[in-house]
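J.: Build the 3D model from these lines:
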Amino acid sequence: MEGNQSQITEFILVGFQLSKNMELLLFGIFSLLYVCNLLANGMILGLICFDPRLHSPMYFFLSHLAIIDISFPSSNLPTFLENLVKHTKSISFDPCTVQMLFNLTFGSIECLILLAMSYDRYVAICHPLQYTVIMNWRVCSILAIACWVCGFALALVQVILLLRLPFCGPQKVNHFLCDIRSVLKLACGDIWMNEMFLFADGVLILVGPLALVLVSYMHILWAILKIQSKEGRKKAFSTCSSHLCVVGFYFGLAMIVYMVPDNSQQEEHLKILFLFYTLFNPLLNPLVYSVRNAQVKAAFHRVLQKKRTM
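T.: Numbers count the residues shown, from 1 in each chain. Presented below is the predicted three-dimensional model:
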């Protein structure tokens, strides 16, 4: 790492080619969205922690999702917002490396947590009588710990492989943050091993979990169709539809951002998609779960009633 820093001490984040007035406007908009994201996910996390009725495996995993949705944008948006308001776009080598590690870690963990949530819904719908036995707190804790450990380990491997490369110029990263694929393009050495591991990581973290999620939801759909009562089918579907919306949006964006082959003509479009992936997706999750989830709405109403009676 010291050898790398002796050649390049900082990168320049190209970001979006905008006027200073437009950058200030975007700073205001993105700052507002970031604060809304912190408040919305903080609200979900608070409701789950303090409402005993939400102390179940489904909301246990949802609390982890809220933590990730707070941590993921917090690892890179402050730097992006600072660059917008100061009109400077440089970032030192070490903070850039840490940013890449956090981006890869939280992105990987979210994929695995969404997979764990789909397994929870599969057990709840397809094996309701055995649900409390299968999804006990020990199993839930092991699944959550495994998601965090695997996500961090995979990200650490990617960053270690990147640090072995020499960076002797140019310094311009064609992105608004330190995205590992964009930084790799600046390496002076052979990056075939990095690209191979990135592709394998994408298959392991994106394609594999998405396939398992789809298989679980095929079983869930089949089980719902076999429910006799219309009210029962509606209730079973409502518990899964929120999660399915989040899965579809998250995995769709992530696969476009990370799995689409590099193309210089599509770089600007990918940057915009990555902005949605970083800023809007973490804000979407609490909105989807609060609007479409009756238990979360009921918990929120109970909190409001308690405040009125105080």
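J.: Strands of the stretch 101-250 of the chain, start to end?
T.: According to DSSP state E, counting those that start in this stretch, the stretch 101-250 of the chain carries its strands in the segments 172-173.
J.: shaky segments in it?
T.: Along the stretch 101-250 of the chain, the parts satisfying pLDDT under 70 run over 232, 235-236, 238-239.
J.: mind running it again at 90?
T.: Scanning the stretch 101-250 of the chain for pLDDT under 90 picks out the ranges 121, 124-129, 164-177, 179, 181-182, 185-191, 199, 202, 217-250.
J.: So the closest residue to residue 67 other than its chain neighbours versus residue 285, what's the distance?
T.: Once flanking residues are discounted, residue 67 sits nearest to residue 45: 6.7 Å by Cβ to Cβ, 6 or more residues apart in numbering. No exception for glycine: its C-beta is placed from N, CA and C like everyone else's. Separation of residue 45 from residue 285 (Cβ to Cβ, to the nearest Å) stands at 11 Å.
J.: related to what we said a few turns ago, the residue nearest to residue 67 contacts residue 63, doesn't it?
T.: Yes. Using Cβ atoms under 8 Å as the test, residue 45 is close enough to residue 63 to be in contact (5.7 Å).
J.: Need phi/psi at residue 12.
T.: The phi and psi values for residue 12, taken as degrees, to the nearest 10, are phi -110, psi 120.
J.: burial measure for it, as a count.
T.: Neighbouring residues of residue 12 were enumerated by other Cβ atoms under 10 Å; the total is 15.
J.: Can you read off the pLDDT for it?
T.: Per-residue pLDDT puts residue 12 at 88.
J.: dump the residue contacts of it.
T.: Contacts for residue 12 (Cβ atoms under 8 Å, 6 or more residues apart in numbering) come out as 89-91, 171-173.
J.: Of all pairs in the residues you listed, which one spans the longest distance?
T.: 91 and 172 (11.6 Å; Cβ to Cβ).
J.: Give me the common contacts of those two.
T.: With the criterion set as Cβ under 8 Å, 6+ apart, the overlap between the contacts of residue 91 and residue 172 is 11-12.
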